[in-house]
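[1] Need coordinates for the below:
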Amino acid sequence: MERIDFARDGEIRSLTPLSPTSIAIRFSVQDSARGYDWIDVLFKVDSVTDAKLVSDNVLSSLDMSDGITVELTPSHNALTIGSYNGRAKEAPLYIIGASIGYEELPYSG
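    Purely as a prediction, here's the structure:
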């Protein structure tokens, strides 16, 4: 998360339900390990137990100035838009599940 500065000022590229219990969200972010060049990062949340999602037209207008929060606890894992550590359900968009994985992808800009 530090390498991509918590996706601050990044862009949400897509939000894709993969199954009833799996959701993927793709961001374009700057990578400090590559001289702040842009890359995409795809997060996948599995065994989703709760989520607050938004429509595509709202998705593109969400404020990314505070980036994202990825919270890993023994009881759950959460990904939120904004700085909502410990308060995931207050975020404008959140996904809570049993596991969160990520994959670095080429920039889609």
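[2] Can you show me the strands along the protein?
    Assigned by DSSP state E, the chain shows strands spanning 11-19, 22-31, 37-46, 50-52, 68-72, 77-81, 94-97, 99-105.
[3] Most tightly packed of those strands?
    Mean neighbours per residue, mean count of other CB atoms under 10 Å, is largest over the strands of the chain for strand 77-81, with a mean of 24. Placement of C-beta: from N, CA and C, glycine included.
[4] For that strand, the averaged confidence score.
    For strand 77-81, the per-residue pLDDT values average out at 98.
[5] Reformat the strands of the chain as JSON lines; add distance to Arg3.
    Output for the strands of the chain, formatted as JSON lines (distance: least, CB to CB, whole Å):
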{"stretch": "strand 11-19", "distance to Arg3": "17"}
{"stretch": "strand 22-31", "distance to Arg3": "6"}
{"stretch": "strand 37-46", "distance to Arg3": "10"}
{"stretch": "strand 50-52", "distance to Arg3": "26"}
{"stretch": "strand 68-72", "distance to Arg3": "13"}
{"stretch": "strand 77-81", "distance to Arg3": "16"}
{"stretch": "strand 94-97", "distance to Arg3": "21"}
{"stretch": "strand 99-105", "distance to Arg3": "10"}
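[6] Identify whichever of these lies nearest to Ile4.
    strand 22-31 (4.3 Å; CB to CB).
[7] what's across from Asn77 in the sheet?
    Counting by DSSP bridges, Asn77 forms beta bridges with Leu72, Gly97.
[8] So which elements touch the helix or strand of the chain with the lowest mean pLDDT?
    In the chain, the helix or strand scored least confidently by mean pLDDT, DSSP states H and E is helix 56-59, which has a mean of 91. In terms of contacts (3 or more CB pairs under 8 Å, 6 or more residues apart in numbering; DSSP states H and E), helix 56-59 is packed against strand 11-19.
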